[in-house]
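Student: Just a sequence and a predicted model for now, questions to come.
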Amino acid sequence: MSTPRIPFLKGHGTENDFVIVPDPDNTLDLPPAAVARLCDRRAGIGGDGLLHVVRSAAHPEAAGMADRAEWFMDYRNSDGSIAEMCGNGVRVFARYLQRAGLVGEGDLAIATRAGVRRAHIAKSTAAHGGSAAAEGDITVGMGKSLLAEGEFTVSVGESRWPARNVNMGNPHAVAFVEDLAQAGNLFTAPAVHPASAYPDGVNVEFVVDRGPAHVALRVHERGAGETRSCGTGACAVMVAAARRDGIDPAVTGRLATYTVDVPGGRLVISEHPDGTVEMTGPAVIVAEGMIDPDWLSGTPS
């Protein structure tokens, strides 16, 4: 008897794209090599990462969160390595749950390795003269930022910039530059100093100003290279930009909101007086199909 084929979907959030593998009971073996095979853009489906959709109660890393969140986003980078959190991935994960009829519009909780994240799926809106419905944006509570004290730098070639060390459940180094082209090709990771501050690697964001409370970025994501968007990176950038601009909602008692342009679109990031950061943006499912298990395992058919 042949091995059953494995269902998958493909989705993106501001062009940060993912292979989605539904596996409610956590029965699939997805070692790093298999994840990298799926995310390969020439020989596989292609994606910046993989969203393994599992019930929290069925996964040993999420069982302790099952009473607060039914579903666990078992996120993997495109090279197969594990990441704590992916902001765009959470939105696409929520969109998949909605598409599958597992949740509806409104609020839901999603377990991640960085803890439980809360999402809100906005109502669909009429589009094109009422002839079609546009899916509503998804807002995700990204938790609180942690800004490390000390001096940090990012360098590309002979150029070096001061950076802010911001943790959004995963680590970021945020550097403000005059031109995004200064980031280089971002195929390889920019150098960070001190490297000891990032024992598990780091996502590096290069940022320019576009206007009041409006910035744009390019990003190198650890384990993926340059991507079209990074949700946690956009949040880290917003916090770093606000502090640079002398804005701290914990001090002012007022919500701070920035528009953050990424190569793949636009995100709106807000920080509340209690420190909670929220991200709002689109999430789209573009395709679904079946994976050949023999191909995935590398077994000739």
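Tutor: It's in. Numbers count the residues shown, from 1 in each chain.
Student: Against residue 251, how distant is the closest residue to residue 104 other than its chain neighbours?
Tutor: The shortest distance from residue 104 to any non-neighbouring residue, by Cβ to Cβ, 6 or more residues apart in numbering, is to residue 98 (6.8 Å). C-betas here are computed from N, CA, C, even on glycine. Computed as Cβ to Cβ, to the nearest Å, the residue 98 to residue 251 distance reads 37 Å.
Student: Between those two, which is the more surrounded one?
Tutor: residue 98 (21 against 9; other Cβ atoms under 10 Å).
Student: avg pLDDT for the helix or strand hosting that one?
Tutor: Assigned by DSSP states H and E, residue 98 falls within helix 87-99. What helix 87-99 shows for mean pLDDT is 96.
Student: Next secondary structure element downstream of it?
Tutor: Using DSSP H and E, the first helix or strand after helix 87-99 is strand 106-112.
Student: who does the next helix or strand after that next one touch, helix- and strand-wise?
Tutor: Per DSSP H and E, the first helix or strand lying C-terminal to strand 106-112 is strand 115-121. Of the remaining helices and strands, those touching strand 115-121 by 3 or more Cβ pairs under 8 Å, 6 or more residues apart in numbering; DSSP states H and E are helix 87-99, strand 106-112, strand 138-144.
Student: Tell me, how many residues neighbour residue 238?
Tutor: 33.
Student: cool, and residue 32?
Tutor: Count around residue 32 with other Cβ under 10 Å applied: 13.
Student: Point out where the stretch 151-300 of the chain drops to low pLDDT.
Tutor: 299-300 (pLDDT under 70).
Student: would you list every one of the strands in it?
Tutor: 152-156, 159-167, 171-176, 191-193, 203-211, 214-221, 225-227, 256-262, 265-271, 276-281, 284-291 (DSSP state E, counting those that start in this stretch).
Student: Need those in JSON lines (columns: distance to residue 47).
Tutor: Shown next, in JSON lines, are the strands of the stretch 151-300 of the chain (distance: least, Cβ to Cβ, whole Å):
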{"stretch": "strand 152-156", "distance to residue 47": "26"}
{"stretch": "strand 159-167", "distance to residue 47": "25"}
{"stretch": "strand 171-176", "distance to residue 47": "21"}
{"stretch": "strand 191-193", "distance to residue 47": "25"}
{"stretch": "strand 203-211", "distance to residue 47": "17"}
{"stretch": "strand 214-221", "distance to residue 47": "12"}
{"stretch": "strand 225-227", "distance to residue 47": "10"}
{"stretch": "strand 256-262", "distance to residue 47": "16"}
{"stretch": "strand 265-271", "distance to residue 47": "17"}
{"stretch": "strand 276-281", "distance to residue 47": "18"}
{"stretch": "strand 284-291", "distance to residue 47": "11"}
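Student: and these, which is most packed in?
Tutor: Per residue and on average, the most neighbours among those fall to strand 171-176, with a mean of 25 (mean count of other Cβ atoms under 10 Å).
Student: now the angle from that strand to strand 203-211?
Tutor: 40 degrees (axes from the mean of the first three to the mean of the last three Cα atoms, to 10 degrees).
Student: List the contacts of strand 171-176.
Tutor: With Cβ atoms under 8 Å, 6 or more residues apart in numbering as the contact definition, strand 171-176 has outside contacts at 152-154, 161-166, 192, 198, 200-209, 232-233, 236-237, 240-241, 244.
Student: Neighbouring strands - and their directions - for it?
Tutor: strand 159-167 (antiparallel), strand 203-211 (parallel) (DSSP bridges).
Student: Let's have those strands in CSV, adding distance to residue 40.
Tutor: Listed next are the strands paired with strand 171-176 as CSV, based on distance: least, Cβ to Cβ, whole Å:
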stretch, distance to residue 40
strand 159-167, 30
strand 203-211, 21
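Student: mind checking which of those strands is nearest residue 297?
Tutor: strand 203-211 (30.7 Å; Cβ to Cβ).
Student: which residues are contacting the closest one?
Tutor: Counting by Cβ under 8 Å, 6+ apart, residues outside strand 203-211 touching it are 154, 163, 170-180, 182-183, 189-190, 192, 215-222, 230, 232-233, 236-237, 240-241, 259, 261.
Student: now do 6 Å
Tutor: Contacts of strand 203-211 with the rest of the structure, by Cβ atoms under 6 Å, 6 or more residues apart in numbering, involve 154, 172-177, 180, 183, 190, 215-222, 233, 237.
Student: can you check stretch 287-301 too?
Tutor: Applying Cβ under 6 Å, 6+ apart, the contact partners of stretch 287-301 are 3, 5-10, 34.
Student: my guess is residue 83 meets residue 77, correct?
Tutor: Yes: with contact defined as Cβ atoms under 6 Å, residue 83 reaches residue 77; the gap is 5.3 Å.
Student: For stretch 250-260, C-alpha coordinates in CSV please.
Tutor: Output of stretch 250-260 as CSV, limited to C-alpha atoms (Å, rounded to 0.1, in the frame of the first residue of the first chain):
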residue,chain,number,x,y,z
ALA,A,250,5.0,53.5,29.4
VAL,A,251,6.1,57.1,30.2
THR,A,252,3.6,59.1,28.2
GLY,A,253,0.6,56.8,28.9
ARG,A,254,-0.4,57.1,25.3
LEU,A,255,-0.5,54.6,22.5
ALA,A,256,2.2,55.0,19.9
THR,A,257,1.7,53.8,16.3
TYR,A,258,4.1,53.7,13.4
THR,A,259,3.7,52.6,9.8
VAL,A,260,6.4,50.2,8.8
